[in-house]
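Colleague: Below is the structure, and that's it, no one-letter string:
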């Protein structure tokens, strides 16, 4: 069953990156619902390496502030929630639960550091994209960013568990005043090939 055109507009064609936010909170229940949707997006060997930190308190925002670039500070500090999309380099420790039909799956990664690192980063990034799509699907607006110091975020938020930050996503109910005109996209012929 295909989506209705309006649903595709919500997720892609009319969706925008938001930089300003209405003063409206996001409930714990909404954040849990968001995770319960995004967790079903596919990952390699169901590895699910992404980890998410939902920053919503003033204390959490202040902890994040020193890592933000100047151009991302105001929009992040005023967003109802900022998500650190991170990944667990030791994601394979969860494979007995996540990939139970192959008891030896963790060894694929414990014996190959490069494969483990690539799998964690690639699939964690996919899960971050699922987070953005799921957020839009349940009526939230998003503003993804990479303008921050990963090392500072990791030191502030992950000193004990070894997770690594990938990118940030501001969540909330966007103020249309903070939306830029849509930038151009590449045409099919510029970005795609048939083989």
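Modeller: Sure, I can see it. Treat the numbers as computed from the prediction; the structure is a model and nothing was measured.
Colleague: Can you show me the strands along the chain?
Modeller: Ranges of strands in the chain, per DSSP state E, are 50-55, 81-87, 141-145, 164-172.
Colleague: okay, residue 35: pLDDT?
Modeller: Note for residue 35: predicted pLDDT of 98.
Colleague: ok, now residue 30?
Modeller: On the pLDDT scale, residue 30 gets 98.
Colleague: same deal with residue 177?
Modeller: 85.
Colleague: From what I see, it and residue 20 are in contact.
Modeller: Yes: contact status for residue 177 versus residue 20: in contact at 5.6 Å, counting by Cβ atoms under 8 Å. Every C-beta, even on glycine, is put in place using the N, C-alpha and C of the backbone.
Colleague: any idea which residue sits dead centre in the chain?
Modeller: residue 128 (2.7 Å; Cα atoms, centre = their mean).
Colleague: So for that residue, what's the nearest residue that isn't a sequence neighbour?
Modeller: With sequence-adjacent residues excluded and distances taken as Cβ to Cβ, 6 or more residues apart in numbering, residue 128 is closest to residue 85, at 3.8 Å.
Colleague: What of residue 50?
Modeller: Per Cβ to Cβ, 6+ apart, closest to residue 50 is residue 127, 3.4 Å.
Colleague: list the contacts for the one you found?
Modeller: For residue 127, the contacting residues are 38, 41, 43, 48, 49, 50, 85, by Cβ atoms under 8 Å, 6 or more residues apart in numbering.
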